[in-house]
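**Student:** Attaching a predicted model along with its sequence, questions to come.
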Amino acid sequence: MRYAKRSKGGWCFALAWLALNSGWAVAVEVGSAAPAGEVLARLEVLDLAAAKRIAVDGSPSLAAAVERLRQAEERVRQARAAYWPFLEMGGSAVRSELSNNAARSQLAAGRNFSPNAAFADPETFYRAELTAGWTLFNGFQRWFENARARFGEMQSRSALDEARRLLLVSVPTRPSTCARPKRPGPGGGPAADR
C-alpha cells in the first residue's frame with residue numbers, strides 16, 4: 001500500500017489552526033501593558049505570545065477601533081434615553097428701558113384709561129419655566145433609532161474583532177519566519193545561523 005506524499009505547508013496550516021482554536025491564542029486588552037519599546041527592552045525570548053502582545057499593544061488602529069466601539073455604545077445609551085420621561089428647565093431675565101418720548105406716550109395712553117396711571121421705567125421682567133413630558137408613541141421612531149444604534153454597535157464590535165484578527169494573523173507563527181540575530185561562528189569566523 002502506497003501513501004501519498006504530504007507537503008509540510010498543510011501540516012503547518014493544521015497546527016496553526018489547532019493552536020488558534022484550542023485557546024493557545026493570546027487574548028490581550030488594547031492599552032493594558034507597557035509600550036512596545038519597554039516590552040522589547042525587557043524581552044529575553046521572542047515567542048509567539050510576546051510577539052502578539054507587542055503587536056496588539058502598539059497598534060494605533062486597534063486603539064481607534066476600541067474608541068469607535070465606545071462611541072457606538074454611547075449612541076445606544078442615547079437612543080434608549082428616548083423611552084424615559086424628560087424634564088426641561090429654563091428661565092430668563094429682561095430689563096426694559098424706554099426712551100423719554102416712548103415713556104411719555106405710554107404714560108399718556110395709560111392715563112386715557114386711568115387718570116392715576118403710572119409705570120416703572122426701567123422695568124425688569126423675570127421668567128422661570130419647568131416642563132415635564134413623556135413621549136408614549138411617536139410612530140416607531142424610537143424603536144428604529146434603537147435598532148440603528150444597536151446595529152452600529154454590532155458593526156463596531158465586528159470591526160474591532162476583525163482588526164484584531166488581521167493584526168494577530170500578520171504576526172509570524174513559525175520561528176523560521178522570525179528574524180534571528182546571527183552569531184559569530186567558532187573562532188570568530190563567519191556568522192552561523194543557530
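**Tutor:** Perfect, thanks for sending it. Numbers count the residues shown, from 1 in each chain.

**Student:** ok, longest helix in the chain?
**Tutor:** helix 141-170 (DSSP state H).

**Student:** Which strands and helices lie in contact with that one?
**Tutor:** helix 48-57, helix 60-80 (3 or more CB pairs under 8 Å, 6 or more residues apart in numbering; DSSP states H and E). Glycine gets a C-beta too; all of them are placed from N, C-alpha and C.

**Student:** Need the distance between the two termini of stretch 79-97.
**Tutor:** 46 Å (CA to CA, to the nearest Å).

**Student:** and what of stretch 107-125?
**Tutor:** Stretch 107-125 has an end-to-end distance of 19 Å (CA to CA).

**Student:** What mean pLDDT does that stretch get?
**Tutor:** Mean pLDDT, stretch 107-125: 80.

**Student:** and it, which residues are buried?
**Tutor:** Residues of stretch 107-125 include none that count as buried (16 or more other CB atoms under 10 Å).

**Student:** Got the phi and psi for residue 46?
**Tutor:** phi -90, psi 100 (degrees, to the nearest 10).

**Student:** That should have said residue 95, apologies.
**Tutor:** The phi/psi pair for residue 95 (degrees, to the nearest 10) reads phi -110, psi 120.

**Student:** and it, how many neighbours?
**Tutor:** 8 (other CB atoms under 10 Å).

**Student:** Including mean neighbour count, mean pLDDT and distance to residue 102, could the helices and strands packed on helix 141-170 go into a markdown table?
**Tutor:** Listed next are those as a markdown table, based on neighbours: other CB atoms under 10 Å; pLDDT from 0 to 100; distance: least, CB to CB, whole Å:
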| stretch | mean neighbour count | mean pLDDT | distance to residue 102 |
| --- | --- | --- | --- |
| helix 48-57 | 19 | 82 | 72 |
| helix 60-80 | 15 | 95 | 48 |
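
**Student:** Check what contacts stretch 101-112 and list those residues.
**Tutor:** Residues outside stretch 101-112 that contact it (CB atoms under 8 Å, 6 or more residues apart in numbering) are 98, 117-119, 121.
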